[in-house]
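Novice: Sequence plus the predicted model coming up.
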Amino acid sequence: MITRVVHRYRHSIRQFLRFGTVGGLGVLVNMGVIWTQRHTLPLIWPGSAYGGGAWWAIPGTDFNIRWYHVMSMVAFVVANLVNFQLNRWWTFGSHRHSRWWREYWPFLTVGLAAQGIGMILLTLLMWEASPIALPSDVFDNSSGLRTKLYWAQLIMIIFTIPVSFLLNKFWTFRSIRRPEAPIGVA
């Protein structure tokens, strides 16, 4: 029974494992960008040190876009480009079937949808009054392993992986399942 299931879905399982490998690299890229911002932005904007300071007050509300939102979006854009190119060539092999821009826009849309969901989670993990906030007595920013922003970002990424894989497999890189002839160099 298990052997039949594995045999039947071996191609999807291989794609999922490759997607996971690319995603793992994407996590490293994402976290590296977060780390870099966390250590360089305070040189220019002192309130950005741990991501909690207000970056922009939302007009007409008591809410703010925080530095951790900005840092997360910048990290997302960089990791999204890296992940797209690697998934296009290695995971789904679609570079011979569709043009770069034609696949990037759906990939970016999927990524932005996942990032939007992730931003809600990130906010809830970082906001002290949230029922799922990371505890400040544990995540007190006293060291890299105790930096709340790093853990919140990592949890956010892990939470959005399954949605991202399924949407990218069945929407973004769908051209590889079509019986169309391969295109020339994209």
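Specialist: Okay, I see it.

Novice: what's the neighbour count on residue 82?
Specialist: 15 (other C-beta atoms under 10 Å). To be clear about C-beta, it is placed using only N, CA and C from the backbone, and glycine gets the same treatment.

Novice: With the one 5 residues further on instead?
Specialist: Applying other C-beta under 10 Å, we find 26 other residues in the vicinity of residue 87.

Novice: ditto for residue 119
Specialist: Neighbours of residue 119 using other C-beta under 10 Å come to 19.

Novice: for it, what are its contacts?
Specialist: The contact partners of residue 119, by C-beta atoms under 8 Å, 6 or more residues apart in numbering, come to 69, 72, 156.

Novice: Secondary structure element holding residue 128?
Specialist: For residue 128, there is no helix or strand it lies in under DSSP states H and E.

Novice: any idea how far it lies from residue 59?
Specialist: For residue 128, the distance to residue 59 (C-beta to C-beta, to the nearest Å) stands at 24 Å.

Novice: And the host helix or strand of residue 111, what's buried?
Specialist: For residue 111, the host element (DSSP H and E) is helix 100-126. For helix 100-126, burial by neighbour count (16 or more other C-beta atoms under 10 Å) applies to 103-104, 106-108, 110-111, 114-115, 118-119, 121-126.

Novice: Likewise for stretch 124-137?
Specialist: Across stretch 124-137, burial judged by 16+ other C-beta under 10 Å covers 124-126, 133-134.

Novice: What residue, apart from its backbone neighbours, is nearest residue 155 spatially?
Specialist: residue 125 (6.1 Å; C-beta to C-beta, 6 or more residues apart in numbering).

Novice: Let me see the contact set for that neighbour.
Specialist: The contact partners of residue 125, taken as C-beta under 8 Å, 6+ apart, are 132-134, 148, 151-152, 155-156.
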